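*Asks:* Fold the following for me, if possible:
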Amino acid sequence: MEQRVHFIGIGGVSMEALGRLIALEGAVVTGSDSNIGRGHRSENIHKDIDLVVMNGAIADDNVEYLRAKELGLKIIDRSDLLSHVESSYTHRIAIAGTHGKSTTTAMIGAVLQKGGLDPTVHNGARPNLVVGGKDFFVTEACEFKRSFLKLNPTVAVITNIDADHMDCYRDLDEIRAAFDKFSEKAGTIITSEDNIKCMEYTPGYFSFKVSRTEIRLAVPGRHNVTNAMLAVRVGMHFGVRLKDIKHALENFSGVERRFQATGMLGEKTRVIVDYAHHPAEIQTTIDTANRIFGHKKYLIVFQPHTFTRTVALFDDFVRVLKSADCVLYKTFSARERAIKGGTAGDLAREVGCQYFSTKQALCDFINQTRADYDAVILTGAGDINKVLD
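*Replies:* The predicted model follows:
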């Protein structure tokens, strides 16, 4: 690919990985992001650019997008480029699902690596890229705006299906229909099992058995047993030995921002960051915290991600957040404008907890109250992970 390619929003985890991949293929890659350098600027776009790549988080009034249109440059979505990259591999394994796809993608990559299959792995969480050979391509497949339907996997892995992205789908039935279309594109479909027998070998950490072989996970949470079992099934599908699968999963340390311990506040209070931004995911985070911390106190600091998601799942957010000691931080708007009744402040009023509209106010509160907690869990898919930097 001897082209000049510019990424609008290259700071996105998936976008960055794609940029690195096509740079390895010979493309000259440039990019901008609102959180990098001087941000988006029209002067970044010029007539010598062959291709402009953007994703759903980029608004229609973005100055670089408007300049690219003015110059008549070729503009494609991130999912189109991912489809192009994927097409050059023999075995194409795409992991879709409402929850758990990033962790499952990384687990599958680790299993295939240990099995000697040298996969290239593209993920929506860091580490977001493993560069391997051209036989196996493992990628996270996102259902937002039905972008996963542009992929042509040989193996489709589905972790679960839940109501989300209701700005793109009418209801859960329409979401299921999109996943059905995604599945139909693959020769092999691997889905999660409802009743996996597992054992809790230490609070919050689980093991499970495959053909009498026990696999102990090093990442916490009952949900990770389901993710790991999907990786087992993919590995076995491609002939990876069970002892290699066991080794890969028992040494899998997780991906960034999935119940990730990042430091301490003082000598007592642990800081944990978690990507959970859907009620079901927050419930999983709370369940995991309850098992690990037992009767110790922890604080959930939740940053809602998009106003449309908050409105669509408002009652579920309220129900889940009321079950924990929590505070709310200003909504990460991503591509959206505020919707009445769908802000973090609206949610906090219904939950009956404190709301903070600025980073400084939230930091002051955490520092003033940290002695009361054994852990502070920063939860959300926006920039909540940077609050205590």
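
*Asks:* Can you give the domain ranges for the chain?
*Replies:* By the assignment in automatic domain parsing, the chain contains the domains 4-77, 89-250, 260-386.

*Asks:* and of those, who's closest to residue 83?
*Replies:* Closest approach to residue 83 among those (CB to CB): domain 89-250, 4.5 Å. (Glycine included, C-beta is placed from N, CA and C.)

*Asks:* what is the rounded mean pLDDT of the closest one?
*Replies:* When pLDDT is averaged over domain 89-250, the result is 96.

*Asks:* Can you give me the end-to-end span of that domain?
*Replies:* 28 Å (CA to CA, to the nearest Å).

*Asks:* May I have the phi/psi pair for residue 5?
*Replies:* phi -120, psi 130 (degrees, to the nearest 10).

*Asks:* Just to check, it is in contact with residue 29?
*Replies:* Yes. Under the criterion of CB atoms under 8 Å, residue 5 makes contact with residue 29 at 5.4 Å.

*Asks:* quick one: residue 304 and residue 344 touch, right?
*Replies:* Yes. If you go by CB under 8 Å, residue 304 and residue 344 touch, sitting 5.0 Å apart.

*Asks:* what do those two both touch?
*Replies:* 310, 328, 331 (CB atoms under 8 Å, 6 or more residues apart in numbering).

*Asks:* returning to that earlier point: with mean neighbour count and distance to residue 83 added, can I get the domains of the chain in a markdown table?
*Replies:* Output for those, formatted as a markdown table (neighbours: other CB atoms under 10 Å; distance: least, CB to CB, whole Å):
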| stretch | mean neighbour count | distance to residue 83 |
| --- | --- | --- |
| domain 4-77 | 17 | 9 |
| domain 89-250 | 19 | 4 |
| domain 260-386 | 18 | 21 |
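
*Asks:* for the protein, what spans make up the helices?
*Replies:* Along the chain, counting by DSSP state H, helices occupy 13-24, 63-71, 78-86, 101-114, 172-184, 223-237, 242-250, 279-293, 307-312, 314-321, 344-351, 359-369.

*Asks:* Any idea which of these gets closest to residue 202?
*Replies:* helix 279-293 (9.1 Å).

*Asks:* how about the strands of the stretch 51-200 of the chain, start to end?
*Replies:* Using DSSP state E, counting those that start in this stretch, the strands of the stretch 51-200 of the chain run over 51-54, 75-77, 91-96, 120-122, 129-130, 136-140, 155-158, 188-191, 198-202.

*Asks:* mind putting these in CSV, distance to residue 182 included?
*Replies:* CSV is the format used below for the strands of the stretch 51-200 of the chain (distance: least, CB to CB, whole Å):
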stretch, distance to residue 182
strand 51-54, 22
strand 75-77, 16
strand 91-96, 6
strand 120-122, 17
strand 129-130, 23
strand 136-140, 13
strand 155-158, 6
strand 188-191, 9
strand 198-202, 28
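
*Asks:* closest one to residue 277 among those strands?
*Replies:* That would be, of the strands of the stretch 51-200 of the chain and by CB to CB, strand 136-140, which comes in at 15.6 Å.

*Asks:* same for that closest one, what does it pack against?
*Replies:* Judged by 3 or more CB pairs under 8 Å, 6 or more residues apart in numbering; DSSP states H and E, strand 136-140 is in contact with helix 78-86, strand 91-96, helix 101-114, strand 120-122.

*Asks:* nearest to residue 236, of these?
*Replies:* The nearest among the helices and strands packed on strand 136-140, by CB to CB, is helix 101-114 at 9.2 Å.

*Asks:* Which elements pack onto the closest one?
*Replies:* Counting by 3+ CB pairs under 8 Å, 6+ apart, helix 101-114 packs on strand 91-96, strand 120-122, strand 136-140, helix 223-237, helix 242-250.

*Asks:* Of all the ones you listed, which one comes closest to residue 262?
*Replies:* helix 223-237 (18.6 Å).

*Asks:* what separates that closest one from the chain centre, distance-wise?
*Replies:* 18 Å (CA atoms, centre = their mean, to the nearest Å).

*Asks:* and if you look at stretch 249-264?
*Replies:* The answer for stretch 249-264 is 14 Å, by CA atoms, centre = their mean.

*Asks:* same deal with stretch 154-161?
*Replies:* With CA atoms, centre = their mean, you get 15 Å for stretch 154-161.

*Asks:* Span of it from start to end?
*Replies:* End-to-end distance (CA to CA), stretch 154-161: 20 Å.

*Asks:* With stretch 18-30 instead?
*Replies:* End-to-end for stretch 18-30, by CA to CA: 12 Å.

*Asks:* For it, give the mean pLDDT please.
*Replies:* pLDDT averaged over stretch 18-30 gives 95.

*Asks:* What lies in contact with that stretch?
*Replies:* With CB under 8 Å, 6+ apart as the criterion, stretch 18-30 contacts 1-7, 10, 31, 44, 49, 53, 78, 81-82, 85, 120, 122, 129, 131.

*Asks:* Indicate which one of the helices and strands packed on helix 101-114 is closest to residue 165.
*Replies:* Counting by CB to CB, residue 165 lies closest to strand 91-96 out of the helices and strands packed on helix 101-114; the figure is 12.3 Å.

*Asks:* orientation of that closest one relative to helix 223-237 in degrees?
*Replies:* 160 degrees (axes from the mean of the first three to the mean of the last three CA atoms, to 10 degrees).

*Asks:* list the contacts for residue 48?
*Replies:* So residue 48 contacts residue 4 (CB under 8 Å, 6+ apart).
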